[in-house]
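> build me a model from this:
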Amino acid sequence: MTTKTIVTAVLGALTLAAPAWAALDIGDKAPDFTAPAALAGKQYDFSLADSLAKGPVVLYFFPAAFTAGCSAEAHEFAEATDRFAALGATVIGVSTDDIATQLKFSTQACQGKFPVASDEKKAVIKSYDAAMMIMPDFANRVSYVITPDHAIIYSYQSLNPAKHVTNTLAALRDWEKTRKKQAQ
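Numbers count the residues shown, from 1 in each chain. Down below sits the predicted model:
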């Protein structure tokens, strides 16, 4: 059995379990990071600070590229890219996969629409306390919405990939409404 097969089997079983809570709380300052990333098959260095200078960021952690749930989630984020962009948001996925894997994943599951970062040393995952408890070599499935001032305004953790896109879009819309009301 390959590692990906084992990960897929374990994730499938855990998806049926109740969701846990995300590691960082609402209002916490998002840890800054720079990581090697892939977008449409091209490698570059992703900087959270640079992305936040342009607007909010949806940072999502996923266990492993090319597993069923992670591919489905990436596809769903790709399909929603225009909706995120309309809200001024950047999407970035992070896993422990190496950059060669992310280069392929960025063109296939991500459809070249958003970047995925490689965190082989688990530095970003550790700073967000996003390691999977029972399989610490993999990231847990956690999504955060981070505002330009580095504040975490939303977090969602569930191994089931189904609601991450819907929930982060709703959090961004709520944040946008609140900002507009405060500006009046």
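
> and the top helix by length along the chain, which residues are buried?
In the chain, assigned by DSSP state H, the helix with the most residues is helix 164-183. Residues of helix 164-183 classed as buried by neighbour count (16 or more other CB atoms under 10 Å): 164-165, 167-169, 171-172, 175. The way it works is simple: take the backbone N, C-alpha and C, and place the C-beta from them, glycine included.

> distance from the chain centre to that helix, please.
17 Å (CA atoms, centre = their mean, to the nearest Å).

> can I get the CA coordinates of that helix in PDB?
What follows is helix 164-183, C-alpha atoms only, in PDB (Å, rounded to 0.1, in the frame of the first residue of the first chain):
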ATOM      1  CA  HIS A 164     -14.700  25.100   3.300                       C
ATOM      2  CA  VAL A 165     -15.400  27.200   0.200                       C
ATOM      3  CA  THR A 166     -18.900  28.100   1.100                       C
ATOM      4  CA  ASN A 167     -18.000  29.000   4.700                       C
ATOM      5  CA  THR A 168     -15.000  31.200   3.700                       C
ATOM      6  CA  LEU A 169     -16.900  33.000   1.100                       C
ATOM      7  CA  ALA A 170     -19.700  33.800   3.600                       C
ATOM      8  CA  ALA A 171     -17.100  35.000   6.100                       C
ATOM      9  CA  LEU A 172     -15.600  37.300   3.500                       C
ATOM     10  CA  ARG A 173     -19.100  38.700   2.600                       C
ATOM     11  CA  ASP A 174     -19.800  39.300   6.200                       C
ATOM     12  CA  TRP A 175     -16.500  41.100   6.700                       C
ATOM     13  CA  GLU A 176     -17.100  43.200   3.600                       C
ATOM     14  CA  LYS A 177     -20.600  44.200   4.900                       C
ATOM     15  CA  THR A 178     -19.200  45.100   8.300                       C
ATOM     16  CA  ARG A 179     -16.400  47.200   6.700                       C
ATOM     17  CA  LYS A 180     -19.000  49.100   4.500                       C
ATOM     18  CA  LYS A 181     -21.200  49.800   7.600                       C
ATOM     19  CA  GLN A 182     -18.200  51.100   9.600                       C
ATOM     20  CA  ALA A 183     -17.200  53.400   6.700                       C
END
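
> what is it packed up against?
Other elements packing on helix 164-183 under the criterion 3 or more CB pairs under 8 Å, 6 or more residues apart in numbering; DSSP states H and E are strand 57-61, helix 68-79, helix 81-86, strand 142-146, strand 152-157.

> that one vs strand 57-61, what angle?
Interaxial angle of helix 164-183 relative to strand 57-61 (axes from the mean of the first three to the mean of the last three CA atoms, to 10 degrees): 150 degrees.
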